[in-house]
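1. Need a 3D model of the following:
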Amino acid sequence: MLLKVNVTELQNHREKANMTPYRLAVAAGLPINSIYRLEDGSTKMTNHLRAREIARVLGCRIDDIFVKPKGA
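-> Predicted structure coming up:
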């Protein structure tokens, strides 16, 4: 399942956790550029498993940062 990222919330949670996009990607086990792409809008959707790992590292719920697209 693909989830849509709320860029503002992702950035807010990441900054609150005092993490760089690079550090978040490494801690979540994701490709280095994945967080940069989510935050700059070049990637609008991500797999629910990636979303789960991002939320886990940031200590929040998946739906704090990601939303199900309408019709999904």
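2. Give me the neighbour count for the closest residue to Ile35 other than its chain neighbours.
-> Nearest in space to Ile35, with sequence neighbours left out and distances taken as C-beta to C-beta, 6 or more residues apart in numbering, is Pro21 at 3.9 Å. To be clear about C-beta, it is placed using only N, CA and C from the backbone, and glycine gets the same treatment. Using other C-beta atoms under 10 Å, Pro21 has 19 neighbouring residues.
3. Phi and psi next, for Pro21.
-> phi -60, psi -40 (degrees, to the nearest 10).
4. Provide a list of residues in contact with it.
-> 14, 35-36, 39 (C-beta atoms under 8 Å, 6 or more residues apart in numbering).
5. From Arg56, how far out is it?
-> Distance of Pro21 to Arg56, computed by C-beta to C-beta, to the nearest Å: 16 Å.
6. swap in Pro31?
-> Pro31 is 17 Å from Arg56, by C-beta to C-beta.
7. Please apply the same query to Met45.
-> Distance from Met45 to Arg56, by C-beta to C-beta: 19 Å.
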